[in-house]
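J.: One predicted model, sequence on top.
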Amino acid sequence: MFFVDTIEVPGLGNRGYLAGGTRTAVAVDPPRDIDRVIAAAARRGVRIAYVAETHVHNDYVTGGLELARLTGASYLVPADARVSFHRVPVRDGDLTAVDEDSGLVLRALSTPGHTPHHTAYVLEEDGTAVAVFTGGSLLIGTVGRPDLVEPRLTEQLARAQHASAHRLAGELPDEAAVLPTHGFGSFCSSSQQEGDSTTIGKEKTSNEALTAPDADTFVAGLLAGLDDVPAYYAHMGPLNAAGPAPLDLTPPAVADPDEIAARLAAGEWVVDLRNRVAFASGHVAGSYNVEAEGQLATYLAWLIPWGKPVTLLAGTPAQLADAQRELARVGIDRPA
């Protein structure tokens, strides 16, 4: 028997996964706040023996390195990814025994397109493919965008996405569950599609990469539909390649009115997290309103000059804590 638990990151439109058997498990593309992954493993009564990255992420700070350090897990990262930390380099066809008692094996499948080194992981039970963690390759109805690495590589990567989608569809059974990291509102998706779950068989009939008449038609449509890239994406890849620092979610200091005034005078950002109606009825002059509900991290990180200090004004301590956690996922650490 095996299980797959989904670690939702709705503010970023992403998912991570914990999959395993009776004793051990693998965490795939974990978010930076790894306490949620550790709690999921505790509920299952399993040890996290492996952490796997499908690629060096361009839209959020990974928790993979720290999760591997804390749990003693082997850290699986595509071999061609240029990173500055120790990891287990993964190549096409590599097999990892996730839980021997349950007959669970993870098989690496090279699927370039979202990045040149992108790798999917097929979860096999007693030799049968039951699920595939597709990261930013095959998504629900679409694929991950190919323009986040280097503009000169975009068309080449778009063609690679087409080939990778067809490889997944050709090598895996129709019943295999498709478990992508992106595509639930993420700007890493090349287009936004409806749906919460899917299989290889369903994607064969509905995914634009698999239903286009040929690669040229698919690539032309994919490139024509690409939207703007959030500005902070430029910083996520380098942070992940260097190895993110451990997460610190201890509450920030409480600022008094004079401190807030001084920060505003210095040109720092003071961000009011309350809803727009509350903000409209009264707020600190000079502050910005970015509502905590919704895609706070995406839009605040997109707008604020990178590295500028930020002060958060919240309606409740819980709202502040939630916002701090969400912002840390995109590298905005320790609000003033």
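T.: Now that the structure is in, tell me what you want to look at. Bear in mind that the values here come from a model prediction, so they are computed numbers and not experimental data.
J.: so where do the strands sit in the stretch 51-200 of the chain?
T.: Assigned by DSSP state E, counting those that start in this stretch, the strands in the stretch 51-200 of the chain fall at 74-78, 88-90, 95-99, 104-110, 119-125, 128-135, 177-180.
J.: Which of the ones you listed sits closest to D256?
T.: Within those, the stretch nearest D256 is strand 74-78; the backing value is 43.3 Å (CB to CB). Any C-beta I mention is one placed from the backbone N, CA and C, and that applies to glycine too.
J.: hang on, the earlier thing: turn the strands of the stretch 51-200 of the chain into TSV, columns for mean neighbour count and mean pLDDT.
T.: Shown next, in TSV, are these (neighbours: other CB atoms under 10 Å; pLDDT from 0 to 100):
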stretch	mean neighbour count	mean pLDDT
strand 74-78	23	98
strand 88-90	17	98
strand 95-99	19	98
strand 104-110	21	98
strand 119-125	24	98
strand 128-135	23	98
strand 177-180	24	98
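J.: Mind putting those strands into a markdown table with distance to L65?
T.: Output for the strands of the stretch 51-200 of the chain, formatted as a markdown table (distance: least, CB to CB, whole Å):
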| stretch | distance to L65 |
| --- | --- |
| strand 74-78 | 7 |
| strand 88-90 | 12 |
| strand 95-99 | 18 |
| strand 104-110 | 19 |
| strand 119-125 | 17 |
| strand 128-135 | 17 |
| strand 177-180 | 22 |
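J.: can you tell which of those is closest to F218?
T.: Minimum separation from F218 across the strands of the stretch 51-200 of the chain (CB to CB) falls at strand 128-135, 16.9 Å.
J.: between the strands of the stretch 51-200 of the chain, which gets nearest to P31?
T.: strand 128-135 (13.7 Å).
J.: and the closest one, which strands flank it?
T.: strand 119-125 (antiparallel), strand 177-180 (parallel) (DSSP bridges).
J.: Can I get the shortest one in CSV, CA atoms only?
T.: Read it as strand 177-180. Only the C-alpha atoms of strand 177-180 are listed here, as CSV (Å, rounded to 0.1, in the frame of the first residue of the first chain):
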residue,chain,number,x,y,z
ALA,A,177,-2.1,10.0,-11.6
VAL,A,178,-0.5,13.2,-12.8
LEU,A,179,0.7,15.3,-9.8
PRO,A,180,2.2,18.6,-10.9
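J.: What's the first helix or strand after that strand?
T.: Sequence order places helix 200-206 as the next helix or strand after strand 177-180, per DSSP states H and E.
J.: May I see the strands paired with strand 128-135 arranged in a markdown table, with distance to R47 as well?
T.: Output for the strands paired with strand 128-135, formatted as a markdown table (distance: least, CB to CB, whole Å):
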| stretch | distance to R47 |
| --- | --- |
| strand 119-125 | 17 |
| strand 177-180 | 21 |
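J.: which residues of the protein score low on pLDDT?
T.: Low-confidence segments of the chain (pLDDT under 70): 190-195.
J.: Now with 80, please.
T.: For the chain, the stretches with pLDDT under 80 are 185-186, 188-195.
J.: all helices for it, in order.
T.: Listed in chain order, the helices of the chain (DSSP state H) span 35-44, 64-71, 154-171, 200-206, 208-211, 215-224, 233-242, 257-265, 276-281, 296-303, 317-328.
J.: closest to L12 out of the ones you listed?
T.: The minimum distance between L12 and the helices of the chain falls on helix 296-303, with 6.2 Å, by CB to CB.
J.: what helices or strands is the closest one leaning on?
T.: helix 317-328 (3 or more CB pairs under 8 Å, 6 or more residues apart in numbering; DSSP states H and E).
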